[in-house]
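S.K.: predicted model, plus sequence, below.
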Amino acid sequence: MKRATAHEAEVEPATERRNIDDLRPHERQSAYFDDLSEAELQRLAESIDRNGLETPVQITTDNRIIKGHQRVRACKLLGWTEIDVRVRSDLDGNEEQIEYELLSDNLDRRQMTPIEIARCYRRLKTIEQQKSDGKRKAAGTGNLRDVIGRKFEMSGRNLELLEKILDTPEEVQQSVARRLLPVSAARRIARLPAEQQQTLANDIADWMESDGMDENRLAHAIKRLVKEQLSKAARESPNFKSKPGVLTNAATLETTLAKLERVLDKRPELRAHVSLPSLKQAHGILGRVIEKSESPAAD
């Protein structure tokens, strides 16, 4: 992948006004990221209405959005017909760099779900390998995973564990994305044989399609279903190690951190009262705890 020179990096494209209806989402946006919820979109629209569009949207010369998909949605909600954009003609013909910019922009936005992080990590690994022409170590090992991990403020080990969830059925991934299922449980599901994973996914789908199920009841039902399936797998397979106590503690810590991040996302003024290094250390400890609990050598 071509890197901009120091001089090129200092020069930003001029800001232009474009018809907002002419802009269209990048074709890979929905593959990596979910849209903001209606409530989140409304808050973003209110912020733009108060403060204006502080950062122009970045687009390709053929009007595909690179940076600012949610800002465009918010501006449409406000009834805007025109919007400030920067046209990235410097990226013409370099689809890989365009996709890299798309991913990088979203790393700095609202708190990402575990599934979004995993999707980004998997794609960034591929892009990093391609641009290095094989000069780096294999993706997911050595320095590469840690270089990418720093983009997410996570350890490379945690990213590798998170990526495994992408190999589970869609119903499991949806459960994690909707916070109906802890990441630690989904990682354990990823270690089940494919047939058992699919059986569990079918049962989860049945619960998701049940009428009159609010999110709390649905989460409780799915967690109970998964716990039963994992316990059964642990009893039936000598190679499937189970550490309920450790995994419960890890899941509790993971849930607590996620709740804290959501609070800080809504109340950024509270970040002054939180030690970010301590949070990062906690994430690292969590990764080591889960890794040890899932190790084939664990008893």
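M.R.: Alright, I've got the coordinates. Numbering: from 1, shown residues only.

S.K.: average pLDDT across the helix or strand hosting Leu144?
M.R.: In this assignment (DSSP states H and E), Leu144 forms part of helix 142-152. In this model, helix 142-152 has a mean pLDDT of 71.

S.K.: so what's Leu103 up against?
M.R.: Tyr32, Cys120, Arg123, Leu124, Ile127 (CB atoms under 8 Å, 6 or more residues apart in numbering). Quick note: C-beta positions are derived from backbone N, CA and C, even for glycine.

S.K.: report pLDDT for it.
M.R.: 85.

S.K.: and what of Ala258?
M.R.: 69.

S.K.: by mean pLDDT, point me to the weakest helix or strand of the chain.
M.R.: helix 6-10 (a mean of 44; mean pLDDT, DSSP states H and E).

S.K.: buried ones in the following helix or strand past that one?
M.R.: Per DSSP H and E, helix 6-10 leads on to strand 15-19 as the next helix or strand towards the C-terminus. Neighbour-count burial for strand 15-19, counted by 16 or more other CB atoms under 10 Å, picks out Arg18.

S.K.: repeat for stretch 160-170
M.R.: Glu160, Leu161, Leu162, Glu163, Lys164, Ile165, Thr168, Pro169.

S.K.: what is the mean pLDDT for it?
M.R.: Taken as a whole, stretch 160-170 has a mean pLDDT of 91.

S.K.: okay, how far is it across it, tip to tip?
M.R.: End-to-end span of stretch 160-170 (CA to CA, to the nearest Å): 19 Å.

S.K.: contact partners of that stretch?
M.R.: With CB under 8 Å, 6+ apart, stretch 160-170 has contacts from 114-115, 117-119, 121-122, 140, 145, 154, 172-173, 176, 183, 186-187, 189-191, 197-198, 200-201, 287, 290-291, 294.

S.K.: buried among those? Make that a ChimeraX selection.
M.R.: In ChimeraX syntax, the buried subset of the contacts of stretch 160-170 is picked out as below (16+ other CB under 10 Å):
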select :114,115,117,118,119,121,122,140,145,154,172,173,176,183,186,187,189,190,191,197,200,201,287,290,291,294
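
S.K.: from the contacts of stretch 160-170, which ones fall inside helices?
M.R.: Counting by DSSP state H, the contacts of stretch 160-170 place 114-115, 117-119, 121-122, 145, 172-173, 176, 183, 186-187, 189, 197-198, 200-201, 287, 290-291, 294 in helices.

S.K.: residue ranges of the strands in the stretch 1-150 of the chain, please?
M.R.: Secondary structure of the stretch 1-150 of the chain (DSSP state E, counting those that start in this stretch): strands at 15-19, 57-59, 65-67, 82-87.

S.K.: would you turn these into TSV with mean pLDDT and distance to Lys232?
M.R.: Conversion of the strands of the stretch 1-150 of the chain to TSV gives the following (pLDDT from 0 to 100; distance: least, CB to CB, whole Å):
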stretch	mean pLDDT	distance to Lys232
strand 15-19	93	57
strand 57-59	95	50
strand 65-67	94	46
strand 82-87	96	54
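
S.K.: quick one: closest of the ones you listed to Glu46.
M.R.: Judged by CB to CB, the one of the strands of the stretch 1-150 of the chain that comes nearest to Glu46 is strand 82-87, at 16.9 Å.

S.K.: Ala186 contacts Gln174, correct?
M.R.: No - judged on CB atoms under 8 Å, Ala186 makes no contact with Gln174 at a distance of 10.5 Å.

S.K.: joint contacts of the two?
M.R.: If you check Ala186 and Gln174 against CB under 8 Å, 6+ apart, no residue is contacted by both.

S.K.: Asn202 - how many residues pack around it?
M.R.: Counted with other CB atoms under 10 Å, the neighbours of Asn202 add up to 11.

S.K.: name the nearest residue to it, ignoring sequence neighbours.
M.R.: Spatial nearest neighbour of Asn202, excluding adjacent residues (CB to CB, 6 or more residues apart in numbering): Glu171 at 7.7 Å.

S.K.: distance of Ala221 from Leu180?
M.R.: Distance, Ala221 to Leu180, using CB to CB, to the nearest Å: 9 Å.

S.K.: do the same with Val72
M.R.: From Val72 over to Leu180 the distance is 30 Å, taken as CB to CB.

S.K.: same deal with Leu218?
M.R.: From Leu218 to Leu180 the distance is 6 Å (CB to CB).

S.K.: and those two? Which one has more around it.
M.R.: Leu180 (21 against 17).

S.K.: so the more buried one sits in a strand?
M.R.: No - counting by DSSP: H, G, I helix; E, B strand; the rest coil, Leu180 falls outside a strand, being coil.

S.K.: next one: phi and psi at it?
M.R.: Torsion angles at Leu180 (phi, psi; degrees, to the nearest 10) stand at phi -90, psi -20.
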